[in-house]
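Peer 1: no sequence on this one, just coordinates:
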């Protein structure tokens, strides 16, 4: 073949590759300012909108960018490179009120700092930082909570103190988050995966205890979603770290969307409620969940934590949790179906006039036959725990026992053994339990009394 023919083919190939390569859109060219004080919401959003036309990548020059809610579009990658910080505005007006689900019920709530709503093929990558500037939002919660508790409205605090989440994926599919990105000081939950599918969260650092302990600053919440992979997460938060949710009480039962086909692995929890949590929002149910190769350190009170309430309902089955290392975790196996009653059981005080609609939703009675949660077909194995306070703290309800559990290959050093109650068809094998008080684990004996390791309020 003549040389000119080869050169022509090469030119065509290079042109095709150049045309196929994603275009990069520098937000600074649209007016974004890296000074940390100029609100750059509109400029960065313009870059996102432009990138959506060619499925491009939006990036930023080094510096700190103050912004309100940003909305990713299908096909767009938001790259936050090392040296870049996106920091959230402290003005609630910079986060538009939109329909979503918060703590298990559907309601209107401020948009997150970074959002993908009804989109597909979106990504957030880079080694930079997304900072929610949380302390102002945390204070707003504590101030409201102090007013509400004497009125019998503890349960309403989480819904009335409107605090932006850091990242929300809602009704979206084919989503990626990771690449070494740091997520910090979220006003509320850090990452919520809601009604979404085919989501990969890989290599994220979450830090929500800088500048105070942020209430309800969950790490990663997988909420009525399916086909999810979470791996290589490094988490320091003040509530649930890696958590599966599926709706609360009457509203969750109405929506009835499960969380299923989830893998959580190869992560470390430095502070948080547990190594892995299911609940307390269990109404839609859970199926085919696997969590493994997790390490939790001494500031984490529970290892495996299943929590629900007698008004939640829902079921969990085909749950596999294994290969956990728990260093100083107070309760390695913690299951309660009567979680945090002052929060879980909402009643409307008689002097409340014209309550907002979500108060009615939260206080709608759930009949017992629909409200009792059911956990069954659970396998927990290969757990090594040292420095525990109580090895097991497990209870449910006689009318809704925990069924068909297999617990095996556990090595636990603890002050006391604890107890398992309301259990049906449990298999315990290869459990090496070394207790300081020489107590033995009881199965369906009297419940063991234990001081909760949770500092309420959360």
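Peer 2: Noted; the coordinates are in hand. All values reported here derive from a predicted model rather than from experimental measurement.
Peer 1: low-scoring stretches of the chain, by residue?
Peer 2: 1-21, 445-458 (pLDDT under 70).
Peer 1: now residue 400, nearest residue through space, not along the chain?
Peer 2: Distances taken as Cβ to Cβ, 6 or more residues apart in numbering place residue 372 nearest to residue 400, at 3.8 Å, with adjacent residues excluded. The C-beta positions use only the backbone N, C-alpha and C, and glycine is treated the same way.
Peer 1: quick check: that neighbour vs residue 364, distance?
Peer 2: As judged by Cβ to Cβ, to the nearest Å, residue 372 and residue 364 stand 16 Å apart.
Peer 1: and if you look at residue 164?
Peer 2: For residue 164 relative to residue 364 (Cβ to Cβ), the value is 27 Å.
Peer 1: which one of the two has more residues nearby?
Peer 2: More crowded of residue 164 and residue 364, by other Cβ atoms under 10 Å: residue 164, with 26 against 14.
Peer 1: how about the strands in the stretch 201-350 of the chain?
Peer 2: Under the criterion DSSP state E, counting those that start in this stretch, the stretch 201-350 of the chain contains strands at 220-223, 226-236, 242-245, 259-271, 274-278, 286-299, 302-307, 315-327, 331-336.
Peer 1: how about the ones you listed in JSON lines, adding distance to residue 203?
Peer 2: As requested, these are exported to JSON lines (distance: least, Cβ to Cβ, whole Å):
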{"stretch": "strand 220-223", "distance to residue 203": "13"}
{"stretch": "strand 226-236", "distance to residue 203": "4"}
{"stretch": "strand 242-245", "distance to residue 203": "14"}
{"stretch": "strand 259-271", "distance to residue 203": "10"}
{"stretch": "strand 274-278", "distance to residue 203": "18"}
{"stretch": "strand 286-299", "distance to residue 203": "14"}
{"stretch": "strand 302-307", "distance to residue 203": "23"}
{"stretch": "strand 315-327", "distance to residue 203": "19"}
{"stretch": "strand 331-336", "distance to residue 203": "27"}
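Peer 1: can you list contacts of whichever strand or helix holds residue 175?
Peer 2: Taking DSSP states H and E as the definition, one finds residue 175 inside strand 173-184. By Cβ atoms under 8 Å, 6 or more residues apart in numbering, the list of residues contacting strand 173-184 from outside reads 80, 116, 120-132, 134, 166-167, 169, 190-191, 193, 196-208, 210, 232.
Peer 1: buried members of these into PyMOL, please.
Peer 2: In PyMOL syntax, the buried subset of these is picked out as below (16 or more other Cβ atoms under 10 Å):
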select buried, resi 80+116+120+121+122+123+124+125+126+127+128+129+130+131+132+134+166+167+169+190+191+193+196+197+198+199+200+201+202+203+204+205+206+207+208
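Peer 1: who does the spatially closest residue to residue 379 that is not a sequence neighbour bridge with?
Peer 2: Nearest non-adjacent residue to residue 379, counting by Cβ to Cβ, 6+ apart: residue 406, 4.6 Å away. With DSSP bridges as the criterion, residue 406 is bridged to residue 379, residue 427.
Peer 1: any idea how far residue 406 lies from residue 146?
Peer 2: For residue 406, the distance to residue 146 equals 45 Å [Cβ to Cβ].
Peer 1: likewise for residue 252?
Peer 2: Look at residue 252 and residue 146: by Cβ to Cβ, they are 28 Å apart.
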